[in-house]
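Q: Got a predicted structure here, sequence first:
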Amino acid sequence: MNKKVYQIITICLFVLLLLLPTIQAIVPIIPNPKIGNENRALAKFPKLSFSEIDKFPSKFESFYNDHFPLRALYIASTFNIKISQGKSPVKGTVIGKNGFMFASKETKVYTGQLMMTDDDISDFVDILKKRNRILREKNITFYVVVVPSSLEIYPEYLPPYICRAKETQTDKICRMMQDSAAEVNFIYLKECILSKKDRGQLYRMHDNHWNSLAAFYSSLEIMKLVQKDFPQIALLQKEDFNFNYDLLVRGNLVGPMLTETNKDKFALDTIYDVHCKRSVCEINEGEKRGYAAPAGFSYPNRYESVYKTNQSNYPKAFVIRDSYWSILESFMIPYFSESIAIWDNWYYGDNFNLINKEQPDVVVLEMYEPHINNLVINEKNK
């Protein structure tokens, strides 16, 4: 082919690609595949305000990037190109073995690239000791629960270039908590979950969250400690819950690239729907308090959850949570007469103002391992 003709064809194709979204907006002639959940709110059309006119261009660009015609088709095409190159098709993810996916930012904690300073780790421990002391003075028992990342549970599925640090920041925290803060009820669930790997898959394949099996075994580990302070609590067994499940391709790591045309390229994952049997415990959703969610929180309708049970002699709990509590909650609610959980935008703040209003018997601080440094950052930014 004549070189000049080749250049003209290339330029025409490039121009066509640029114009296709505009053509599609006027005459929608090309089928647009449906994309899975992107685990975020898409940008909205910005309001034009003279006081913030300088911010309008960047906000409009974000809106257009999220909504331009044929966006889904371009994303689906990118998937096939990336897969052919042996790269992850989803930004911010790592493709592992046996169909597992991992969050790129969490590998930095695992490999030691992201490490809290010794001073910050010392501050972390001191903050928990202070909260424990204040709550004890109010006759409230404090429990700190740290959920491990999937990399700590399934390192065998990681690519060979991702290697664990000799000592992670979590290792240092656990050692310091044991040495200088033994009075704090502190649980890092890694060993508990590792010991149950022979019971079935414990973390989602296309998501950085655990599944209901891991949450169930973790709830027993937590409640064994709580039971020492509240012996009236009876531990529940797996048969006390209905474990319904389905085999699907779903998760926050795969959602941004998942379409009807490529979902068969991902392994099916076990997705659970779990409920405590009514014969074991009667659970009712309580009236929400109406506490204000933190500014900028992406899930304001999920900021607060309230549940009541018929276990009137059980303690009342106040929980400071993140997204891992969403699955753990099903197994923890039956152990309390009432439970109020707030998701404070991964700040892991003390929330003493709300605790003073609720007057619980128990406060549970549940944190996800890669985010634990937020506790210190939030305390310093008060």
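A: Cool, the structure landed.

Q: can you give me the strands in the stretch 201-350 of the chain?
A: For the stretch 201-350 of the chain, applying DSSP state E, counting those that start in this stretch gives strands covering 241-248, 269-276, 283-285, 304-309, 316-321, 338-343.

Q: Tell me which of those strands lies nearest to residue 380.
A: strand 316-321 (17.8 Å; C-beta to C-beta). C-beta here means a position set from N, CA and C on the backbone, and glycine is covered the same way.

Q: that older thread, can you put the strands of the stretch 201-350 of the chain in CSV and add mean neighbour count and distance to residue 261?
A: Converted to CSV, the strands of the stretch 201-350 of the chain look like this (neighbours: other C-beta atoms under 10 Å; distance: least, C-beta to C-beta, whole Å):
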stretch, mean neighbour count, distance to residue 261
strand 241-248, 13, 17
strand 269-276, 16, 19
strand 283-285, 12, 39
strand 304-309, 18, 37
strand 316-321, 23, 37
strand 338-343, 23, 35
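
Q: could you dump those strands to TSV with distance to residue 124 and mean pLDDT?
A: Shown next, in TSV, are the strands of the stretch 201-350 of the chain (distance: least, C-beta to C-beta, whole Å; pLDDT from 0 to 100):
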stretch	distance to residue 124	mean pLDDT
strand 241-248	34	93
strand 269-276	32	93
strand 283-285	34	96
strand 304-309	26	97
strand 316-321	15	98
strand 338-343	20	98
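
Q: looking at those strands, which is closest to residue 177?
A: Closest to residue 177 of the strands of the stretch 201-350 of the chain is strand 316-321 (C-beta to C-beta; 17.5 Å).

Q: Point out the other helices and strands that that closest one packs with.
A: helix 325-332, strand 338-343, helix 352-358, strand 362-368 (3 or more C-beta pairs under 8 Å, 6 or more residues apart in numbering; DSSP states H and E).

Q: Mind doing that once more with 7 Å?
A: Packing contacts for strand 316-321, counted by 3 or more C-beta pairs under 7 Å, 6 or more residues apart in numbering; DSSP states H and E, involve strand 338-343, strand 362-368.

Q: how about it as PDB, C-alpha atoms only?
A: Output in PDB follows, covering the C-alpha atoms of strand 316-321 (Å, rounded to 0.1, in the frame of the first residue of the first chain):
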ATOM      1  CA  LYS A 316     -25.500  -2.800  74.200                       C
ATOM      2  CA  ALA A 317     -22.800  -2.100  71.600                       C
ATOM      3  CA  PHE A 318     -21.600   1.000  69.800                       C
ATOM      4  CA  VAL A 319     -19.400   0.100  66.700                       C
ATOM      5  CA  ILE A 320     -17.000   2.300  64.800                       C
ATOM      6  CA  ARG A 321     -16.700   0.500  61.500                       C
END
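
Q: of all the helices and strands packed on strand 316-321, which lies closest to residue 315?
A: In terms of C-beta to C-beta, the element of these nearest to residue 315 is strand 362-368, at 4.9 Å.
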